[in-house]
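In: Requesting a structural model of the entry that follows:
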Amino acid sequence: MRLCESNALCMGIAPEIFDLDDDDVLHVLDETPDEALRPKIVEAIRNCPKQAISIQQGSRQEDPQ
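Out: Predicted coordinates for the structure are as follows:
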């Protein structure tokens, strides 16, 4: 999450996955979320102003479209 500026838009969309701590550092709460959360994660990816979020499965990066 080197590109992340802690805008917390992702946290607003998927608070089950993302959290902003007291020091304004964003954390991924669940690196292997349930597939049912995928639509929220994809929305978070699309709304990230720095494009700092991606979906990875195994060793390959996936296009969230």
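In: any idea how far residue 51 is from residue 8?
Out: Using Cβ to Cβ, to the nearest Å, we find residue 51 at a distance of 15 Å from residue 8. Backbone N, C-alpha and C define where each C-beta goes, glycine included.
In: How about the contacts made by residue 3?
Out: Residue 3 makes contact with 50-52, according to Cβ atoms under 8 Å, 6 or more residues apart in numbering.
In: try 6 Å
Out: Contacts for residue 3 (Cβ atoms under 6 Å, 6 or more residues apart in numbering) come out as 50, 52.
In: Determine the three-state secondary structure at it.
Out: Under DSSP: H, G, I helix; E, B strand; the rest coil, residue 3 falls in the coil class.
In: try residue 7
Out: coil.
In: With residue 12 instead?
Out: Going by three-state DSSP: residue 12 is helix.
In: what's the spacing between it and residue 40?
Out: Distance of residue 12 to residue 40, computed by Cβ to Cβ: 10 Å.
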